[in-house]
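**Student:** next come a sequence and a model predicted from it.
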Amino acid sequence: MNKQLKILHIEDSPSDAGLIARELKQSGVDFTIKVVETKNDYSNALKNYKPDVILTDHSLPQFDSIEALSIYNENKLQIPFILITGSVSEEFAIRCIKEGADDYILKNNLIRLPSAIKQALKARQVEADKCKANLELEATNKELNTFIYKAAHDLRGPLCSIMGLTNLADKEGETENLKDYIHKISESTLKLDAILLSLIDVMSIKDTLPVLNKIDLKYLIETVIKRLKYIEGYEILKFKIKVENQKGFVSDESILNSVLYNILENAIKYRNTSHPNPFINIMVSDIETGIKIEIEDNGIGIDGDIKDRIFEMYFRGNEDSKGSGLGLYLVANGIKKLGGTVGVESKLNDGSLFTIVLPSNFILT
């Protein structure tokens, strides 16, 4: 037990409470203890003291251990609950364990208490880890099902267009509309390729470990911007890059490339077409805990009602969105893979500021 335990002890005998505290001290347990006698004090302590362990005598003037255990269960607590009593029948002990108690200790055998607390804490932690893993697995399965369904749906659209257009071109038997058909087939093919690349990026980020190499951030940002020049609206935007990184930066270039590409692509797509001077500013700086990348634009911004959902898989902010709905999902997962965080400040019609923070363990000092 490395941290100092907060123990809540339900006991109306000061001498018994003293014996238990002394036994814990002698065994080397680091703890603070709060002793309560009444039901009201017990309920208040659960809320305000927030104990790590509950020890309780069986019988008190106002209430007993069964009632204390009932209140414990009502609060859905996941901390050890140990009964300490002068004597107890086997039937009563079994009842307590069935109703949620972790153990029971006889007052004439307090030497067993420290190990009982340690074992109960360990068992509770194992159970908590198991529950967390199950919840994560459930969320992953749900996300995977959504991913497969939406991927199939998105792929089906351009494929149907290609099949329909090629069928029309074959039936026409003439060249009058052929050029138009080829152009539309090309558009559908590019859309299909973009979807497939997004899916590959998703799986790559999820399934591979980061490959860490020293990165020239300014060069990386400039390279990403050049890749975006074919996107409509690129030519009217003014890009400003400011890199103030005095430390050698180490990260996964592929993941960071994907992150920057998707944020900047969104900034171009959702530029404010009525603004006379549209811009995108990229600022990189050292901070105490690592490195910070800020990407600011004066585009159409994000409605406050949807801001908390923009990093969800396949989330599209409006019906006019032409993207795959995976861009910012890739951003969030990529930054998470690198051990960092990403946040956004935005107002509708007033631009957005994305802030990426990567921890110092990815920085050479």
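**Tutor:** Looks like it arrived, so ask away. Everything numeric here is computed off the predicted structure, so don't read it as measured data.
**Student:** need the contact list for Ile111.
**Tutor:** Contact analysis of Ile111 by C-beta atoms under 8 Å, 6 or more residues apart in numbering lists Glu23. In this view, the C-beta of every residue, glycine as well, is placed from N, C-alpha and C.
**Student:** my error: substitute Val53 in the last question.
**Tutor:** Taking C-beta under 8 Å, 6+ apart as the criterion, Val53 is in contact with Leu5, Lys6, Ile7, Leu8, Ile79, Pro80, Ile82, Ile117, Ala120, Leu121.
**Student:** show me these that map onto strands.
**Tutor:** Of those, the ones assigned to strands by DSSP state E are Leu5, Lys6, Ile7, Leu8, Ile82.
**Student:** surely Asp303 touches Asp350?
**Tutor:** No - Asp303 lies out of contact with Asp350 (C-beta atoms under 8 Å); the separation is 11.2 Å.
**Student:** just curious, which of the contacts of Val53 is nearest to Phe31?
**Tutor:** Leu5 (4.3 Å; C-beta to C-beta).
**Student:** save the contacts of Val53 as a markdown table, and put in distance to Phe279 and pLDDT too.
**Tutor:** Formatted as a markdown table, the contacts of Val53 follow (distance: C-beta to C-beta, whole Å; pLDDT from 0 to 100):
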| residue | distance to Phe279 | pLDDT |
| --- | --- | --- |
| Leu5 | 55 | 92 |
| Lys6 | 53 | 94 |
| Ile7 | 59 | 94 |
| Leu8 | 58 | 94 |
| Ile79 | 53 | 92 |
| Pro80 | 58 | 93 |
| Ile82 | 63 | 93 |
| Ile117 | 60 | 92 |
| Ala120 | 59 | 92 |
| Leu121 | 55 | 92 |
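**Student:** which one of those is nearest to Ile231?
**Tutor:** For the contacts of Val53, the nearest to Ile231 is Ile79 (54.0 Å; C-beta to C-beta).
**Student:** count of neighbours near that closest one?
**Tutor:** Per other C-beta atoms under 10 Å, the neighbour tally for Ile79 reads 20.
**Student:** circling back: from the ones in strands among the contacts of Val53, pick the one nearest Gly28.
**Tutor:** Of the ones in strands among the contacts of Val53, the one sitting nearest to Gly28 (C-beta to C-beta) turns out to be Leu5, at 11.8 Å.
**Student:** wait, what's in contact with that closest one?
**Tutor:** Per C-beta under 8 Å, 6+ apart, neighbours of Leu5: Val29, Asp30, Phe31, Thr32, Asp52, Val53, Ile117.
**Student:** bridged to it, which residues?
**Tutor:** For Leu5, the beta-bridge partners are Phe31 (DSSP bridges).
**Student:** tell me how far it lies from Gly299.
**Tutor:** Distance, Leu5 to Gly299, by C-beta to C-beta, to the nearest Å: 52 Å.
**Student:** go on, Ala123?
**Tutor:** Relative to Gly299, and taking C-beta to C-beta, Ala123 is found at 53 Å.
**Student:** when those two are compared, which one has more neighbours?
**Tutor:** Neighbour totals were compared for Ala123 and Gly299, and Gly299 leads with 25 against 13 (other C-beta under 10 Å).
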